[in-house]
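Trainee: no sequence for this one, just the structure:
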């Protein structure tokens, strides 16, 4: 047989064809899939390293199990590109993460083979437990398999599920994909425990020799099982999963097809919960990704496959990401305020905190993928006189809802939340859109919520946050911003609850937040020139508390208001304004533009804004409609 598979990857409809393939043929197919992934992701961008690492594991799973009858649940889902290929979606990879195209994660609405929506971490085992219960209640007979990375095991939800299922002994299989990385290197006791497992060659070699000696599992007598268990206990010191009620297999070479298939087949025969510990190499088959130590090849923009560059979208020298801008501000702030420490839930890379890590290695605390712990830990620090900064994505802050409300806001503790990726984030899609944090935080007592429109205001907000008693949230978007020097001496406090009028207008006033305000100022100038309209623009930099003095003034002027927000309309800025006018019985025409009650799919930000009807052109048309000028357009 040649070194190239006879399978045309783009014509695969379902994984059934794998059943008749030999191990040698499967290995050749894996090479072809890996090459396809590299060529495809180099053109579209996407999650690279994690997918290169699980090719053999995914092929083995679909060889052994029968999707969609058997339920294959992938934690996070960013490592499921091979799963998508084997379930008939390779022909759509040119549309990956584009509007109307293939999602970068898993979604049952995209394929019946996607057993559970998957965009956030540590959920797979809980979902698998639920499906195992549903199967048994219905009297059905199918396998339930959860694939979870060692990084995701830093999330407490995974342990809640492990604790539960180990006690009730439901039959299911958990595959632990151990590659030593999530996005950034893993942290904590669990990570060090797996490092012990990985490095214990004596155990691995002894187990391999024992397997050869006993042949297949039917010759595994009670005495041999005791010997093997004793070896495991002596060499590894402890095996927590077996203590929790699971049958444990591993570590297994995640790139050895024969071992993978045999282990999965055997796991199917075990009538209790099983954990298969599989060791894989993140980025396998592409040397730059294999050697990556900081997560640069975890998620990539389109890149030159041969030159292995660029790892990220090129950025003009005059610009940096909003995340890096805030990180530089945090360094300067820490230089001047010893109350500060930065906490991140496994997002050193994502939130551009490497410069801060270099400057203050003892004050940057990575807690792993454990958002709830990050927030309550911050509360504990604040209770003892510190004012920690929690750098966290908007969509991940949702995972710590109770902790923000109960542990920080109710006791009015000094915690600052840096809400990264606020607004439409684009290609990551519905599980990552940062559109709910305003609605989440607004009802909480004591919290102050801000969003800057430019880099200078961002530094001023950092300074202001550390003058305020109690919790503060500073939202900032994905994307880039012009570089300015971080100079603490030049920072100014912004009076709490005050807005800024950027342009005055008697025909209509736009009230908005964030960098989009620059576009609105330019739009106001355009409408002045083309339609002789006098459009005001207000920077509502404080979402809570509101600038009620300015709202009263606008009400007296009887000017129509257009409230724009790149967030859900329910319980957002527009809702807050309407609530205030209702409470004070002031009659004002308020028109809202924002995200309706719907999940927002993936695509570049401009395409998403256009498709949901809140692009700059949509704003222009809404203004003309409100002032009665549509006929002159």
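Mentor: Yep, that arrived. Small disclaimer: the values here were computed from a predicted structure and weren't measured.

Trainee: Okay, domains of the protein per the record?
Mentor: 9-292, 319-490, 500-632 (automatic domain parsing).

Trainee: and residue 51, what pLDDT?
Mentor: pLDDT recorded at residue 51 is 88.

Trainee: going forward can the numbers begin at 45, since that is how I track them
Mentor: Will do, 45 is the new start, and the previous item becomes residue 95.

Trainee: ok so, going back, nearest to residue 343, out of the domains of the chain?
Mentor: domain 53-336 (5.1 Å; Cβ to Cβ). In this view, the C-beta of every residue, glycine as well, is placed from N, C-alpha and C.

Trainee: from the chain's centre, how far out does that closest one sit?
Mentor: Distance of domain 53-336 from the chain centroid (Cα atoms, centre = their mean, to the nearest Å) equals 20 Å.

Trainee: Quote the end-to-end distance of it.
Mentor: Terminal residues of domain 53-336 are spaced 28 Å apart (Cα to Cα, to the nearest Å).

Trainee: that older thread, winner for burial among the domains of the chain?
Mentor: Ranked by mean neighbour count under mean count of other Cβ atoms under 10 Å, the domains of the chain are led by domain 363-534, which reaches a mean of 21.

Trainee: one step back: could the domains of the chain be laid out in JSON lines, adding distance to residue 349?
Mentor: Shown next, in JSON lines, are the domains of the chain (distance: least, Cβ to Cβ, whole Å):
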{"stretch": "domain 53-336", "distance to residue 349": "4"}
{"stretch": "domain 363-534", "distance to residue 349": "19"}
{"stretch": "domain 544-676", "distance to residue 349": "22"}
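
Trainee: Quick check: which of those domains is nearest to residue 346?
Mentor: Ranking the domains of the chain by proximity to residue 346 (Cβ to Cβ) places domain 53-336 first, at 4.9 Å.

Trainee: avg pLDDT for stretch 59-78?
Mentor: What stretch 59-78 shows for mean pLDDT is 95.

Trainee: ignore the last one, stretch 375-392
Mentor: Confidence for stretch 375-392, expressed as mean pLDDT, is 96.

Trainee: Tell me the first helix or strand C-terminal of the worst-scoring helix or strand of the chain on mean pLDDT.
Mentor: One helix or strand of the chain scores below all others by mean pLDDT, DSSP states H and E: helix 266-280, with a mean of 44. Next helix or strand after helix 266-280 toward the C-terminus (DSSP states H and E): helix 284-287.

Trainee: what's that next one in contact with?
Mentor: Contacts with helix 284-287, where a contact means Cβ atoms under 8 Å, 6 or more residues apart in numbering, come from 206, 210, 237, 292, 319.

Trainee: residues in contact with the last one?
Mentor: Meaning residue 319. By Cβ under 8 Å, 6+ apart, residue 319 lies in contact with 217, 218, 219, 220, 285, 290, 291, 292, 293, 294.

Trainee: Looks like the second one contacts residue 190 (just checking).
Mentor: Spelled out, that is residue 218. Yes. If you go by Cβ atoms under 8 Å, residue 218 and residue 190 touch, sitting 5.0 Å apart.

Trainee: which residues do the two both contact?
Mentor: With Cβ under 8 Å, 6+ apart, residue 218 and residue 190 have common neighbours 169, 172.

Trainee: Next, the closest residue to residue 124 other than its chain neighbours: phi, psi?
Mentor: What sits nearest to residue 124 in space, not counting adjacent residues and going by Cβ to Cβ, 6 or more residues apart in numbering, is residue 118, at 4.5 Å. Backbone torsions of residue 118, given as degrees, to the nearest 10, read phi -100, psi 130.
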